[in-house]
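Enquirer: Give the three-dimensional model of this entry:
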Amino acid sequence: MSNYTVSAYDLTEGRFVIVRGKLAYSRLTRLIEGAELERVNARKVAKGMLAVSAPHTSVTITNAEMVLGDENNPTLEERFVAERRYASNAHPGTGANYSLDSKSKYLPVIAVLNESGQAVQITPVGELDAGLDVTLILRVFKTPNYSNRGLRLDRVIVNEPIRYYRSATDEELAKRGLVFAVPPRPVEATATASSTSAEAAPTPPVPPVPVAPAPVPPAPIVNAPVAAAPAPVVSAAPEPGPLHAPVPVPPEGQGTPAPSGATSLGETVEERLARLEAENATLKGQAHAQTGSAFDPTPDPADPWASAAEAPDPMDPWASNPATPDAINHPA
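Expert: Numbering: from 1, shown residues only. From the prediction side, this is the model:
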């Protein structure tokens, strides 16, 4: 069990630590994640190491030396890294080793030195070759909602002409004169629709769906002639009738008197005529007795027409017997 004097709680966010050594292993150009992360964790656990729970990059260097800002007064961060160097039991001649799994979604910056000794960032075409002289620049970070701190691989500077890792196949091909200028990288095949459908389980046949008969279009509607509506019958206004004198209303309790000229059911025409003449004479006599009537039979002496009017006309055949027409004497 290692005895550390500096813990992660003592580190300050944002500070840098520099370590230089020989590259033994690196995975810097893409993240370790998915199925590959599961395989890497299985190997770690088999060796008694802790599994890494998140996608990350990884690097291991041998002969690791601390590049101190002040050799007489190293910082807590520099002491933290120096205490975590270790000796490899499998490779005892490699000196102090240092390994880091950088849990970040960002890849580290990789740079090379130009002729002036300045670092220039590059885009690597493959993983760096083992044995390269490299300088690792680490930075302290803190994850939100966690009180502990950690180290992240921020930059990698290659101190010699860059080389890229070659597999055993590439080494064998190089012995026969076949050298790739850029290390080949495996290309993952993309599943196509045809290959996916070929590998899929056969789909059971779908029963046919009964098709309803096509609807019969309705017969065209022929516009029949519309009979003209009959003209409204306008009733003529009734002609006003003759004005009648108001009928006197008898006092309450008295019945309406029957007219004097009312006839009985058994009266004949002759009887009716005689009765009407009698009533007319009575009415004349009553009017003459009250006011004096124009029908007074007494001639007026001052009237020149009175005598003449009363004298019979000798040429009148009715004058001799005016009673009835039957008394007319017809000449022989």
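Enquirer: What segments of this protein are strands?
Expert: Here the chain has its strands, by DSSP state E, at 16-32, 56-67, 86-87, 96-102, 109-113, 119-121, 133-142, 149-158.
Enquirer: TSV please, covering those strands and showing distance to residue 176 and mean neighbour count.
Expert: C-betas here are computed from N, CA, C, even on glycine. Listed next are the strands of the chain as TSV, based on distance: least, CB to CB, whole Å; neighbours: other CB atoms under 10 Å:
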stretch	distance to residue 176	mean neighbour count
strand 16-32	27	19
strand 56-67	31	19
strand 86-87	39	11
strand 96-102	35	20
strand 109-113	30	17
strand 119-121	34	13
strand 133-142	29	19
strand 149-158	28	20
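Enquirer: do you know which of those lies nearest residue 274?
Expert: strand 16-32 (148.9 Å; CB to CB).
Enquirer: tell me the mean pLDDT over that closest one?
Expert: Taken as a whole, strand 16-32 has a mean pLDDT of 96.
Enquirer: What strands flank that strand, and is each parallel or antiparallel?
Expert: strand 56-67 (antiparallel), strand 133-142 (antiparallel) (DSSP bridges).
Enquirer: Tabulate these (CSV), appending mean pLDDT and distance to residue 23.
Expert: Rendered in CSV, the data for these read as follows (pLDDT from 0 to 100; distance: least, CB to CB, whole Å):
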stretch, mean pLDDT, distance to residue 23
strand 56-67, 96, 6
strand 133-142, 96, 5
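Enquirer: what would the ones you listed look like in TSV with distance to residue 89?
Expert: TSV is the format used below for those (distance: least, CB to CB, whole Å):
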stretch	distance to residue 89
strand 56-67	13
strand 133-142	23
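Enquirer: so can I have a markdown table of the strands of the chain showing distance to residue 40?
Expert: Putting the strands of the chain into a markdown table (distance: least, CB to CB, whole Å) gives the following:
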| stretch | distance to residue 40 |
| --- | --- |
| strand 16-32 | 6 |
| strand 56-67 | 8 |
| strand 86-87 | 19 |
| strand 96-102 | 9 |
| strand 109-113 | 21 |
| strand 119-121 | 27 |
| strand 133-142 | 20 |
| strand 149-158 | 16 |
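Enquirer: for the ones you listed, which one sits closest to residue 41?
Expert: Short answer: strand 16-32, nearest of these by CB to CB, at 9.4 Å.
Enquirer: any idea how far residue 108 lies from residue 7?
Expert: 25 Å (CB to CB, to the nearest Å).
Enquirer: Can you pick out the residue with more neighbours from these two?
Expert: residue 108 (20 against 11; other CB atoms under 10 Å).
Enquirer: Nearest residue to residue 184 in space, please, no chain neighbours.
Expert: Using CB to CB, 6 or more residues apart in numbering and skipping the chain neighbours, the partner closest in space to residue 184 is residue 170 (7.8 Å).
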